[in-house]
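A.B. asks: Show me the folded form of this:
(one chain, ligands or ions: 2)
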Amino acid sequence: MIPVVALVGRPNVGKSTLFNRLTRTRDALVADFPGLTRDRKYGRAFLAGYEFIVVDTGGIDGSEEGIETKMAEQSLAAIEEADVVLFMTDARAGMTAADLAIAQHLRSRDKVTFVVANKVDGIDADSACGEFWSLGLGEVYQMAAAQGRGVTNMIDYALTPYAEAMGIVRQLDEEGEQVEREYTEEEAEAEQERLQNLPIKLAIIGKPNVGKSTLINRILGEERVVVYDEPGTTRDSIYIPMSREGREYILIDTAGVRRRSKVNEVIEKFSVIKTLKAVEDANVVLLVIDAREGIAEQDLGLLGFTLNAGRALVIAINKWDGIDQKVKDRVKSELDRRLGFIDFARIHFISALHGTGVGHLYESIEEAYDSATRRVSTSMLTRVMQMSQDDHQPPLVNGRRVKLKYAHAGGYNPPIVVIHGNQVKKLPDSYKRYMMNYFRRSLKVVGTPIQLRFHEGA
Ligand code: GDP
Ligand code: GDP
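C.D. replies: Ligands and ions are numbered 1, 2, ... in the order given. Alright, predicted model coming up:
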């Protein structure tokens, strides 16, 4: 399971600076979606060989009254759900009463916590950081988030013990770069066969009250439920195996519908972290949106996370019953305006309450999964790459034409296309986007993002 790292600290210590640095993805094509990156508090990060979810807990200011009253409820929940807490302080400002109050809270929660003294650039770091030892949370790590100094080391220190305990393997090559899986033809075939024989893990996500529980009940009412597990803790999603027309599924229920044991019968609170973990663990995400509410920032946030995670995606606009044509038109134009950029995902208009349109969801879910796991040979990928190059020449870089040589599959779910050639890393994003769309059209890839990776030379 993917680790969750929470950034905690009083305002102005550099949490959002660190957050932005951690979540800036390598893949500009994926990150560069309009309207998704502003003020985002949850992100995916890859650093020091680890993939993790990072949460900027924001507005914690333990200065005056009890810290409990001062902390936003969401911040507290994020700390509870985190696996590792980075407690950030400001080495220039020195230790404050707020720092002490936050430290006391963290000690009482018995959370794995690392104290970070930020902004050590241009000061005598060792003497400035000494006082933070008295927070009683162990070693103090020096960092300058704005410059990126100490950030990788910090993540390394913080995540390695957790990863070792959880059996998470660090993905680094000898040079410390992220390992990119590159399949040989035989490996690709084996991987594809493996994925095609596994149940489809389908996460049903959406903000509160969009109709997730209603939809899951409808699905489970109609289909044969094999068995389901009792969850480990209330923070986890519930995994429900089911089969439909010979195809095996595992529903990842983020709404907690099937939590039936008496002791656990508490009202489920919506949890962003639970949802993000479900996305990470899924093959296909079904994002449920409430037609009556329109498309909210939170919907876009969940969508952005899903795309960054490379998951296959189907969108259900729910509560399509009993609304008049004017509202329907408004929703559709809003979809065009705000979701036009994810033109690869199928959109269904459904009523979970009445069951209208629910059956057709499976077609798109299976189509998305099949697209995400379909094997394409090196020769086919190279041919499509060549065609895209013939139709529209790559630009000149430093007076030389970028030359694409060959392409092969680098992974599935999402499909990764690795392109080899000269000066390929210098291709402008517009050309990469053109190629991505070319691959999508030529290979009829529906319902999943495609990732392109570029390798210099043969
Ligand atoms: P937050 O309120 O904890 O999210 O803090 P911000 O990330 O907004 O940072 C507050 C201020 O500190 C901003 O002006 C940042 O530019 C600055 N800052 C953040 N990190 C560093 C650092 O490593 N060195 C210095 N000198 N300033 C920093
Ligand atoms: P969740 O929080 O996403 O699990 O949402 P619920 O499934 O609990 O639904 C929230 C409310 O929306 C409930 O009152 C449902 O009856 C209602 N609801 C769910 N689906 C539909 C639908 O398709 N049409 C209408 N009109 N109401 C719905």
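A.B. asks: My guess is residue 392 contacts residue 430. True?
C.D. replies: No: the pair residue 392 / residue 430 is not scored as a contact, 10.5 Å apart, by C-beta atoms under 8 Å. C-beta: built from backbone N, CA, C; applies to glycine.
A.B. asks: And these two? Which one has more around it.
C.D. replies: Taking neighbours as other C-beta atoms under 10 Å, residue 392 and residue 430 compare with residue 392 leading, 12 against 9.
A.B. asks: Now do the contacts for the more buried one.
C.D. replies: residue 434 (C-beta atoms under 8 Å, 6 or more residues apart in numbering).
A.B. asks: Tell me the spacing between it and residue 1.
C.D. replies: To residue 1, residue 392 is 42 Å away according to C-beta to C-beta, to the nearest Å.
A.B. asks: Which phi and psi values does the nearest residue to residue 296 once chain neighbours are set aside adopt?
C.D. replies: Counting by C-beta to C-beta, 6 or more residues apart in numbering, residue 207 is the residue found nearest to residue 296 once chain neighbours are left out, at 6.7 Å. Main-chain torsions, residue 207, degrees, to the nearest 10: phi -70, psi 170.
A.B. asks: Pull the number of nearby residues for residue 207.
C.D. replies: 20.
A.B. asks: Residue numbers of the stretch 1-150 of the chain in contact with ligand 1?
C.D. replies: For the stretch 1-150 of the chain, the residues in contact with ligand 1 (C-beta under 6 Å from any ligand atom) are 9, 11-17, 118-119, 121, 144-147.
A.B. asks: let's see 5 Å
C.D. replies: Neighbours of ligand 1 within the stretch 1-150 of the chain, by C-beta under 5 Å from any ligand atom: 11, 12, 13, 14, 15, 16, 17, 119, 121, 144, 145, 146.
A.B. asks: As a markdown table, those residues with distance to residue 306 would be great.
C.D. replies: As requested, those are exported to a markdown table (distance: C-beta to C-beta, whole Å):
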| residue | distance to residue 306 |
| --- | --- |
| 11 | 30 |
| 12 | 32 |
| 13 | 30 |
| 14 | 28 |
| 15 | 24 |
| 16 | 22 |
| 17 | 26 |
| 119 | 34 |
| 121 | 36 |
| 144 | 33 |
| 145 | 27 |
| 146 | 30 |
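A.B. asks: Reformat those residues as CSV; add neighbour count.
C.D. replies: Formatted as CSV, those follow (neighbours: other C-beta atoms under 10 Å):
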residue, neighbour count
11, 13
12, 11
13, 27
14, 21
15, 25
16, 17
17, 19
119, 24
121, 16
144, 20
145, 26
146, 14
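A.B. asks: So what touches stretch 126-145?
C.D. replies: 14, 17-18, 21, 87, 89, 91-92, 94-95, 99-100, 103, 106-107, 113-121, 125, 149-151, 153-154, 157.
A.B. asks: Ignore what I typed, I meant stretch 326-340.
C.D. replies: 35, 291, 292, 294, 295, 300, 303, 315, 317, 320, 347.
A.B. asks: Okay, and which of those residues map to helices?
C.D. replies: 300, 303 (DSSP state H).
A.B. asks: Please spell out the PyMOL selection for the buried subset of the contacts of stretch 326-340.
C.D. replies: Restricted to buried positions by 16 or more other C-beta atoms under 10 Å, the PyMOL selection for the contacts of stretch 326-340 reads:
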select buried, resi 291+295+300+303+315+317+320+347
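A.B. asks: which among the contacts of stretch 326-340 gets closest to ligand 2?
C.D. replies: residue 320 (6.9 Å; C-beta to the nearest ligand atom).
A.B. asks: Residue 352 is in contact with the closest one, correct?
C.D. replies: No: using C-beta under 8 Å, residue 320 is not in contact with residue 352; the gap is 9.4 Å.
A.B. asks: Tell me the spatial nearest neighbour of residue 397, not counting adjacent residues.
C.D. replies: With C-beta to C-beta, 6+ apart, the residue lying closest to residue 397 is residue 426, at 4.4 Å.
A.B. asks: any idea how far residue 24 is from the one you found?
C.D. replies: 19 Å.
A.B. asks: again with residue 402
C.D. replies: 24 Å.
A.B. asks: Tell me which of those two has more neighbours.
C.D. replies: residue 402 (21 against 12).
A.B. asks: where does the chain dip in pLDDT?
C.D. replies: Across the chain, the ranges flagged by pLDDT under 70 are 25-40, 59-74, 173-182, 222-235, 257-269, 458.
A.B. asks: Identify the structural domains in it and state their residue ranges.
C.D. replies: 4-166, 197-373, 378-456 (the TED database).
A.B. asks: Quick one: closest of those domains to residue 183.
C.D. replies: domain 378-456 (5.6 Å; C-beta to C-beta).
A.B. asks: Centre of the chain to the closest one, how far?
C.D. replies: Here the centre of domain 378-456 is set off from its chain's centre by 24 Å, with C-alpha atoms, centre = their mean, to the nearest Å.
A.B. asks: repeat for stretch 96-104
C.D. replies: The answer for stretch 96-104 is 31 Å, by C-alpha atoms, centre = their mean.
A.B. asks: repeat for stretch 126-137
C.D. replies: 34 Å.
A.B. asks: what distance separates the start and the end of it?
C.D. replies: End-to-end distance of stretch 126-137 (C-alpha to C-alpha, to the nearest Å): 17 Å.
A.B. asks: now do stretch 423-430
C.D. replies: End-to-end for stretch 423-430, by C-alpha to C-alpha: 15 Å.
A.B. asks: Can you give me the buried ones in that stretch?
C.D. replies: Buried-residue list, stretch 423-430, by 16+ other C-beta under 10 Å: 423, 424, 427.
A.B. asks: likewise stretch 137-149?
C.D. replies: 137, 140, 141, 142, 143, 144, 145, 149.
A.B. asks: dump the residue contacts of the residue in the stretch 151-300 of the chain positioned nearest to ligand 1.
C.D. replies: Minimum separation of the stretch 151-300 of the chain from ligand 1 (C-beta to the nearest ligand atom) falls at residue 151, amounting to 9.4 Å. For residue 151, the contacting residues are 18, 21, 22, 47, 143, 145, by C-beta under 8 Å, 6+ apart.
A.B. asks: what's the closest non-adjacent residue to the fifth one?
C.D. replies: Meaning residue 143. Per C-beta to C-beta, 6+ apart, closest to residue 143 is residue 150, 3.9 Å.
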